[in-house]
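> Using only what follows, build the 3D model:
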Amino acid sequence: MDQVEEIKQKIDIVELISEYVPLKRAGRNFKGLCPFHGEKTPSFMVNPELQIYKCFGCGEGGDAYSFVQKMEGMDFSEALKSLADRVGVKLESYRPSQGEEIKEKLIKVNTLAADAYHFLLTKHKAGKKALEYVKERGLSDEAIKRFKIGYAPDEWEFLSKFLVKKKGYVIDDLRRGGLIVEGRGYDRFRDRIMFPLANARGQIVGFAGRVLPPSSAEASEGQGGAKYVNTPETEIYHKSELLYGFDVTRGEIKKAGWVVVVEGELDMIASFQAGVKNVVAIKGSALTLGQVELLRRVCGEIVLALDADVAGDAAARRGIEIADKNGLMVKMVKLLGAKDPGELAIQNPGEWKKVVEEAIPVYDFYIESAVSRHGLSVVGKKKIGLELVPIWGKISDEIVKGHYVKKLAETLGVDEQAVWGEVSKIPDFAKALSDKQDEQTKKTRRDVVEEYVVGLALRVNRVNQLIGEPVNQFFKLPFWRKVLDQFSSFKPQIPVNELINKLPSELKEKVQMLMLVEDGLDEEKIDREWEKALGELEQLDVRERIGAGEGEDLARLTKRLAELTRGK
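Below you'll find the model as predicted:
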């Protein structure tokens, strides 16, 4: 047995998954709300015998490795190391792939860069001006250390010289890590406050570099550059999947059950300092699917505190729609008398906490914003309707949708049915696509029955009967015939999990999923359900033979069909 399999067998997958989502026993399985998509009715099943999970809502499934990879954003090598540590296995035989080795090297390069930048800001005279500026912005020594804020000096090759000449890396490592400018060979970050960007596990994968305010002389000469320079997309940094500060505040978010989302690194750190520690920052005003998935695993509510006018920002509205479709409640902070969350959090921490606590549901915010901008004249009402009806049409929860249709009608002083009439005109592209996909994946009756009989045999320990005559003769589909042939070649007396694990890989996954079905059968019902399932399978066989007609005793088959349909 190799170490990958050894670790998998030692892991208690129910215990592992229970750290992320509550599970309850459901027969021989465990059941809970899926951590990978928003749902109100549990469809996520875990089987401790096979050490697998499956969500029958979104389709996600796999083993302990795939679960940790998905939940923590790890690659296989990282998941392996994490689970090996968990069960006390010292890795010896596993060798990471070339891609995994490259990612590991890029993380080390970025970590060394962060260390160097942090040293320059906090310990070197080159960073004195930058340190003064950071403290003027209200950041404490503790925050500077906690978030490893640094300074990139105003030199073309500081980092490349440090990492290549002193640390033994090559220029290509820096290029792949986004630390030097492509094709130019000089440092990407120069004379900037540096904010290391870490993934959910605290590994530094990139940087955001904020320009220092130019001196009066520099300003008159037009110097200063872009306010922010960020690491470009690399093998380890993907902007759409990163939440600044999440590695530090994840526990606070999980404990609170909700998260404040701000628009920049300084805003996030200022909020953290002010005592609102369940906070993260995004780039720009739009939440992405990757960011929503990270947050949905630890909380159920997002409080947006963004600089942008969300009501008029199409990208921000799309992000809110993504959060809604993933089951998250979204609220909005109303900033009054402050330029941005960071300014308010630094100048008046108590007021910052208050406005966060007073955040209102985003759809209430949309109504307030639209009324304030358009007014309630006839023309204004029309503009409000044109702006809000498409948003209302995409609300995923029908109860929430109904509430806000009524509220919008009351605000506009019109009949509720008038608003419903406009909402009904919005094409539901998601539903149309879903219906089309359902049509494409529709199973035949034989598909359904053969799959059910095999699954039931496995779950109620009837494999001997399944592979014996005449039952095995009723199976016609190539996939299930192969499965039965494999079962016949094994010793059916062995435990079901061993029986399934002996299957070839092209058969195993689909068969494994059958063990995750919740039957709700007690001992008294098992025999009756088994006979009913076999009867339906035989009915299919008899009907097909009657339909074929040739060389068959039609009178005998017709009589047998009548017996089966009467339940005899």
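> Pull out the buried positions in stretch 384-393.
Under the neighbour-count criterion of 16 or more other Cβ atoms under 10 Å, stretch 384-393 has 384-385, 387-389, 391-393 buried. Every C-beta, even on glycine, is put in place using the N, C-alpha and C of the backbone.
> how about JSON lines for those residues, with pLDDT added?
As requested, the buried residues of stretch 384-393 are arranged in JSON lines below (pLDDT from 0 to 100):
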{"residue": "Ile384", "pLDDT": "95"}
{"residue": "Gly385", "pLDDT": "94"}
{"residue": "Glu387", "pLDDT": "92"}
{"residue": "Leu388", "pLDDT": "94"}
{"residue": "Val389", "pLDDT": "93"}
{"residue": "Ile391", "pLDDT": "92"}
{"residue": "Trp392", "pLDDT": "93"}
{"residue": "Gly393", "pLDDT": "91"}
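> Let me see the contact set for the nearest residue to Leu80 once chain neighbours are set aside.
In space, not counting the residues next to it along the chain, Leu80 is nearest to Tyr94; the distance is 6.1 Å by Cβ to Cβ, 6 or more residues apart in numbering. Neighbouring residues of Tyr94 by Cβ atoms under 8 Å, 6 or more residues apart in numbering: 3-4, 77, 80.
> How about the contacts made by the residue nearest the centre of the chain?
In the chain, the residue lying closest to the centroid (Cα atoms, centre = their mean) is Glu293, at 2.8 Å. Listed by Cβ under 8 Å, 6+ apart, the contact set of Glu293 reads 36, 326.
> I'd say Lys277 and Glu252 touch.
Yes: using Cβ atoms under 8 Å, Lys277 is in contact with Glu252, at 4.3 Å.
> Residues in contact with both of the two, list them for me.
Counting by Cβ under 8 Å, 6+ apart, no residue touches both Lys277 and Glu252.
> what's the offset of the host helix or strand of Leu80 from the middle of its chain?
Counting by DSSP states H and E, the element that carries Leu80 is helix 76-87. Offset of helix 76-87 from its chain centre (Cα atoms, centre = their mean, to the nearest Å): 20 Å.
> I'd like to know which elements it is packed against.
helix 3-10, helix 64-72, helix 98-123 (3 or more Cβ pairs under 8 Å, 6 or more residues apart in numbering; DSSP states H and E).
> Could you give the average pLDDT over the second one?
When pLDDT is averaged along helix 64-72, the result is 90.
> just stretch 35-45 next, same as before
85.
> Show me how the protein divides into domains.
3-87, 98-237, 241-357, 367-430, 445-565 (automatic domain parsing).
> Buried deepest among these, which one?
Mean neighbour count (mean count of other Cβ atoms under 10 Å) peaks for domain 241-357 among the domains of the chain, with a mean of 20.
> ok, back up a step: and the helices and strands packed on helix 76-87 as TSV, adding distance to Val248?
As requested, these are exported to TSV (distance: least, Cβ to Cβ, whole Å):
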stretch	distance to Val248
helix 3-10	29
helix 64-72	16
helix 98-123	14
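> which stretch among those helices comes nearest Tyr404?
helix 64-72 (32.7 Å; Cβ to Cβ).
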